[in-house]
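**Q** Sequence first, predicted coordinates after that:
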Amino acid sequence: MIGLIPLLLLLAPTAPDTYIVTGTVVDHLQNRPLHTILVTLTSTQDRRLTVSQITGADGRFGFNNVPAGKYTLSAQRRGNNRPQLYREDGGYSTAIAVGPELPSQNIVFPLEAPGSISGTVLDQNGDPPAAAQVWLYRKTVSGGKPEIQIAGQRPVDRSGNFHAGHLGPGTYFVAVSGRPWYARGFPRGVGFPQSAGDVIGAITAPGDPNPELDVVYPVTYYGDTTDSAAAAPVNLAEGGSATIQINLRAVPAVHVDLGPELQDGPNHNRMRNTFLTVETIGGNTMPVFANMAGMNGRQELGVAPGHYILHTTTFDNSGGAMRGTMGPGARIDITGNTSITPGDLKPTSLSGQLRFEDSEGLRAQTFLLFLCANRPFTVRVLKDGSLQSKGQAILPGRCEVTLGNAPGFYLKSIAVGDAKASADTVELAEGVDNRITAVAAKGAMSELNGMTVQNDQPLSSAMVLLLPEDPARASLIRRDQSDSDGSFLLRDILPGRYTLLAIDNGKGLAYRDPAVIQPYLAQGVTLEFPRRDKTPVRVNVAARKE
Amino acid sequence: MPRAAWLALIAAHCCFAAATFTVSGVVVNSVTNEPIPHALVQSTGAEQKVVFSGQDGRFQMDGVSQGTVYLIPQKPGFVDTGKRTPVKVGADTSLVTIKLAPESSIAGRIVDRDGEAIEGLQVECITQRIMNGRKAWQPCGNAQSDETGNFHLQSLPPGSYVLRTGLQALFPNLNSQTDDDPLPQQVYPPHFYPEAADISSVQPLVVGPGETARADFAIAAVPAFRVSGTAGAAGQNTFGFIETSDGQRVANFAMNRRTGGWRSPPLPAGDWKIVLQSQRGPDSGLFGEQTVHVASSDIKNVQLALEPLPPIAVNVTSPATGNVREAAIQLMPDNPAPSNYRMYGSSVSPQNPTEPPAIHDVPPGTYSVFMLPYGNYCLGSISAGGVDLTRNSLVVSEGGQTSPIDITLEDNCASIQGQVRMDHPVENVFVILTPSSHAILPQTVVLQPDGSFAFNRLSPGDYRLYAVSSVEGLEYGNPEAMRQIDGVSVTLAAKQKSSVTLNLVMRDAK
C-alpha cells in the first residue's frame, strides 16, 4: 500500500469533513494490477482542485482529505497515452461520489490495453511512396448512431512502413494517400477542352512531358482497392496488433487547368490557393496529393481520375495584413484533362437568418450544428442573426440541426427556402446556396435528478437515456452515465413527453435505431416535462440485450 | 537562293548540330552487384533525359548529344551520395555501370529497468563530419520510440554513428504540476549508445552499407527536480536551454515574458547548465548562463542575469574604398556541440547598408575566424584588439565588448596551377590546398579530366598541396592529420603565379 496523497494540501490550509478515495488500477483484460500508472482525481465543480499519484507495484492509489463532492477519476499509462476516465463510454464516465456513507474506497479501475496496426505500403515496382500518409477510420457508435470516424493519421516512412499505436478495440479501415517518388508535375501545352474565355494555348511546356513521370497514386484502401465501399476491414481486439500490406498502383495523371492566377490588384495583392479533397469512408474527406505545375501565371493540378471536392482559398493583403478566405467546396468529377474556372463552379453553401423570439438570446458564439450523413459542421451566427457557411464541403441531403451556445433557447423551427419548416431537420440541395430561415425560442428547460437502481440498490455506471415520444426528434434526446453512487443528472430538457431508461452496459449501443431500443422501452419510466414533482426519479436498470 | 536549297541548308545544319547517340548501361547495388530495377537515371546538361532501368537493371537513353554528360541515379533505399558519373558520349560510348550504395539504418528498442517499453523518447543521431576541413560532431537525424519502445533511424549513409536519447519525464503530457505539487517527478536521463559518460569518450557504432545496426537501450527512471528563477530584462523571444557540462543541449523551456520567470523541466541529479538567450531587435541579443548542481530537491529563486551580446564590428580596409561588401567573416566555435552547432556570419544592416558589417548574437566562447572573399581582393591582415587572428582564436567574453575585427584587403592575389602524376587513371581525384593562416579556409577541387587543377585568388603566404584518391573522412584542415600524407609546400608572393606537380596519394575512404 502506498501512502495517501492529501488533496487539500494543495488548496486549503485546513481540512473540513473530508474523506478517503482509494483503489487499484488493473489491466482490463487480465485483471492484474498495473504499476506506474498516473491516477488523477479532479473535482467536477472546480477543475483546479486536482491531485495526481503514480501507482506502485500493487497498482494501488489513494487520496485522503478529499472534501465531499463528485470527482472524475482518470488513469494514464506512461508515454503518449491519453488518460482514460473511470468506466468511460462515448464521452461519458462514472464520477466518484465522495461524502458520508458513500463508498469511495477500494475502487477497481480497469484500464484498457491499447492496440496497434502496422504495415507496409509499396507500389507495383516494390517502391515505397513519397510523403505518404496512412489514414485510419474506425467503426463506432456516436450519439446512438453507427458511424465511421477518422481514428488518426500516420506517416509512411522511407521504407514504406507505418505504425499506428494507441488504438482501441474495434473495426478499422485504412487508406493511403501519397505520390510516386519519381513523379513530376508537367504543365500541358495544348489540347485541353476549352471553356469560354480560357486561353489554354498560353501554357508553354518546357519539353515533352515524360508520361512515365506524369503519374499519381489514387487514394488506395486496405484490400488494394480505390473504391472506399470495397475497403477491407481490420478487426482489432483489445491490446491486439494487426499487420497489413497495402499495394499501390501508379496511374497516368489527368490534368486540371485552373486558369490564370488572381492578379486583379495593382500590386497583385490577391492570391488563390486551390486544392482537392476526396470523399472517403463514412463521408469523411482527406486531402489528395496533386502534381502541381504552373506556367505563365496559370495553375494546374495532376491527379487520378475520380470524384473530388475542390476548395479555393483567396488571400488578400490589400488591407496591409494577409487574410485568407476559404470558399465553399464544390464537387467535381475529373475523368480526363480538363479546364476549370474555380469562380464558375457551383458549390453547395448555406446562408440565411436565425431569429430569436427573445432578442437577448443571441451570444457572440452562437452557432447552428448541422449533422449531414454523419458529418458535422457548424455555421456561426453573426450579431445580426445572419449566417453564412465558410469553407465547408457541405453534403446535400437530410441534415439534423441543433442550436449551440444559446443557453435557455432551443431551435423552434428551421426551413430551407419555401420548404415546410421542421424543428430540427433540413433537406439541403446540391450546387446552390441553401437559404435558411430559423427561429430560436426560449424554452422552459428542465433538469432531472435521479438514481439508477438494481434490486433497490444504487447501481453505478449505467447508461441513462431520456427519449422523446417522437423518436425522430433526435435533438431532444438526453444522456448521462450514473456516478459511483448511482446518481445521474440530465439537463436542458425541453417540454414534452419522454421515456427514461437505464441500461447496465451502454457501450456501443445504437439507441437511435428503433429496433435496438424497442426491447428496453417497456422497462422505462414515462415522464412529462416540465415536471410538477421535483423529487429525484429512481429508474430500474435494464440488462443489456445483445 | 531557291527555296529547296534553303531548306536543304537548314536541314544539314540542323542534323549536324543535333548529332545524338544512345547511352546504355546498368544500375547495380554497389555491395552485392545485383541489378537494381526501376531506378531512375537522369542526365545533366541543356537537354535533360530521364529513363528507368528495367527488371535487369539495364537502361537505354536515346538522343543524347555528343560530349560529356553526367548521369544521376536515384532509387528509394539507396544513398544519394551526390556523385555524378561522367560519360563521354559519342560513337564509341561504352556500356556505363552506375553503382548505388544501399542505405543503412539503425534500429533499436528502449526499455526501462523492468523491461517495459519507453514511448516517445527522442533518439538523436550524431556523427562526425568534415566541416571546413575539421572533424565536427553533426546531427544526422532523429527518431522517436513508439509505444512498443521501438525506433528506427533510416536513410543513413554507411558510416560511424553515436546515438543519444533525450531527457524525458515519465509522463510527458503532465503539464499541470504546480510548484508545490507533492507528486514526485521522475525522468529518463540522456544516454549514449554505445554506452559512454560523454561524447568525447564514446566509441561510435560502425554501420556498413545496407546494414541495419541494432542499438537497444535500458534506461532507469530517476528522481528529478526543477530549477526555477527569474531573469531581468527578458526579450520578446527569450528561450531557455538545458545543457550538459560538455555542452550537449538536452532540453528547452519557455520563459514567462511578462514576469521574467522561468522554470526548467524536471532534471536528474547532477550539474546542469541553464542557458537563456534572446534576440532583441536587430542590434543586440541577450545571454545568460549558470551551472547549477541538482541534488535531491527543487532549486528555486535562481537569479540569472541576462547580459547584452554586443555586435562585433568588422572594419574592412580595401583598395576599393567605401565598399563594405568585399569580404565576409565567419566565426566557427572551436569546440562545437552537435546539438547547438552554429556558425556566426557578418552581415550588413538592411536599415543602414552603408555602415560597416557586424556579427550579431555571438555567445561567449572561443572561435576560429575565417574570411570569405567576395571580390578580387585577398587577405592582407586580420586582427582583433591586437590579436593576430591568422594564428589565434577570437575570444568572446561574457558581458564584455569584443574588439572590432580589422581586415586589410590587398590587390595582390596569387594563384597556383598544376598537374597530378598517376601510375594509372583514377577517377575523382581531389587536390587539397591548406593555408598556414587560420583565417583562410582550406579548399578542395576535383582534378580535371586532363589531369590539371588550379586555385585562383589566393592570399600571399604559405600553403601545402596534396592530391588524394579520396577526401572521405580526411581531416584536411588539421595539420596533425595531414602530417602522414605526402604533399608539397608552396610560398606565394604577391601576385605570383605558381606551378606545381603533385604525386597522387592513394587512400581508402574511412
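**A** Nice, thanks for sending it over.

**Q** Just the strands from the stretch 101-250 of chain A, written as ranges.
**A** For the stretch 101-250 of chain A, the strands defined by DSSP state E, counting those that start in this stretch occupy A:107-111, A:115-123, A:130-142, A:145-155, A:161-167, A:170-179, A:215-216, A:220-221, A:234-236, A:241-248.

**Q** Report the closest residue of chain A relative to chain B.
**A** Closest residue of chain A to chain B, CB to the nearest CB: A:Gly79 (2.8 Å). The C-beta positions use only the backbone N, C-alpha and C, and glycine is treated the same way.

**Q** That residue contacts B:Glu116, correct?
**A** No - using CB atoms under 8 Å, A:Gly79 is not in contact with B:Glu116, being 9.9 Å away.

**Q** Could you check which of those two has the larger neighbour count?
**A** The neighbour comparison of A:Gly79 against B:Glu116 (other CB atoms under 10 Å in any protein chain shown) goes to A:Gly79, with 23 against 14.

**Q** Does the residue of chain A closest to chain B lie in a helix or a strand, and which?
**A** Following DSSP states H and E, there is no helix or strand that holds A:Gly79.

**Q** got it, and A:Asp257?
**A** Counting by DSSP H and E, A:Asp257 is found in strand A:254-260.

**Q** Off-centre distance for that strand?
**A** 33 Å (CA atoms, centre = their mean, to the nearest Å).

**Q** For the helix or strand just after that strand, the averaged confidence score.
**A** Sequence-wise, the next helix or strand downstream of strand A:254-260 (DSSP H and E) is strand A:270-279. Mean pLDDT, computed over strand A:270-279, is 80.

**Q** for strand A:270-279, the distance to its chain's centre please.
**A** That offset, for strand A:270-279, works out to 22 Å (CA atoms, centre = their mean).

**Q** which of the residues in it are buried?
**A** Within strand A:270-279, the residues scored as buried using 16 or more other CB atoms under 10 Å in any protein chain shown are A:271-272, A:274-279.

**Q** got it, and stretch B:144-161?
**A** Applying 16+ other CB under 10 Å to stretch B:144-161 flags B:145-156, B:158-159, B:161 as buried.

**Q** Domain-wise, how is chain B divided?
**A** B:3-100, B:104-222, B:230-308, B:310-410, B:414-505 (automatic domain parsing).

**Q** In contact with the residue nearest to the spatial centre of chain B, which residues?
**A** Closest to where the C-alpha atoms of chain B average out (CA atoms, centre = their mean) is B:Met131, at 5.8 Å. Contacts for B:Met131 were tallied using CB atoms under 8 Å, 6 or more residues apart in numbering or on different chains; they are B:138, B:332.

**Q** wouldn't B:Pro308 be in contact with B:Gly285 here?
**A** Yes - if you go by CB under 8 Å, B:Pro308 and B:Gly285 touch, sitting 7.4 Å apart.

**Q** The two: who's more crowded?
**A** Per other CB under 10 Å, whichever of B:Pro308 and B:Gly285 has more neighbours is B:Gly285, with 23 against 14.

**Q** Which secondary structure element is home to B:Phe286?
**A** If you look again at residue B:286, you'll see it is Leu, not Phe. strand B:285-294.

**Q** Show me what the very next helix or strand once past that strand pairs with in its sheet, parallel or antiparallel.
**A** Downstream of strand B:285-294, the next assigned helix or strand under DSSP H and E is strand B:299-303. If you go by DSSP bridges, strand B:299-303 pairs up with strand B:227-230 (parallel).

**Q** how far out from the middle of the chain is the strand it pairs with?
**A** Worked out by CA atoms, centre = their mean, strand B:227-230 lies 34 Å from the chain centre.

**Q** Also stretch A:463-475?
**A** Taking mean C-alpha positions (CA atoms, centre = their mean), stretch A:463-475 and its chain are 21 Å apart.

**Q** now that stretch: mean pLDDT?
**A** Here the average pLDDT along stretch A:463-475 is 92.

**Q** how about that stretch: buried residues?
**A** Neighbour-count burial for stretch A:463-475 flags A:463-468, A:471, A:473-475 (criterion: 16+ other CB under 10 Å).

**Q** How about the residues of chain B by chain A?
**A** When proximity is defined as CB under 8 Å from any CB of the partner chain, chain B approaches chain A at B:37-38, B:40, B:47, B:50, B:52, B:74-77, B:103, B:116-120, B:146-148, B:152, B:154-155, B:170-174, B:176, B:178, B:180-184, B:186.

**Q** Could you identify the buried members of these?
**A** By neighbour count, with 16+ other CB under 10 Å, those hold B:37-38, B:40, B:50, B:52, B:75-77, B:103, B:117-120, B:146-148, B:152, B:154-155, B:170-171, B:174, B:181, B:183, B:186 as buried.

**Q** And the helices in chain B, which stretches?
**A** Assigned by DSSP state H, the helices in chain B fall at B:3-17, B:479-482.

**Q** which of these has the lowest average pLDDT?
**A** For these, where the average pLDDT is lowest is helix B:3-17, sitting at a mean of 42.

**Q** Pairing partners for A:Leu465 in the sheet, please.
**A** A:Arg479, A:Leu501.

**Q** so it touches A:Leu500, yeah?
**A** Yes - in terms of CB under 8 Å, A:Leu465 counts as a neighbour of A:Leu500; the distance is 7.4 Å.

**Q** where in the stretch 1-150 of chain A is pLDDT low?
**A** A:1-16 (pLDDT under 70).

**Q** in a helix, that's where A:Gly282 is, yeah?
**A** Yes - judged by DSSP: H, G, I helix; E, B strand; the rest coil, A:Gly282 forms part of a helix.

**Q** So what's the residue count around it?
**A** Using other CB under 10 Å, A:Gly282 has 19 other residues around it.

**Q** likewise A:Glu238?
**A** 14.

**Q** returning to that earlier point: in a markdown table, list the buried residues of strand A:270-279 along with distance to B:His191.
**A** Formatted as a markdown table, the buried residues of strand A:270-279 follow (distance: CB to CB, whole Å):
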| residue | distance to B:His191 |
| --- | --- |
| A:Met271 | 48 |
| A:Arg272 | 50 |
| A:Thr274 | 48 |
| A:Phe275 | 43 |
| A:Leu276 | 46 |
| A:Thr277 | 44 |
| A:Val278 | 44 |
| A:Glu279 | 47 |
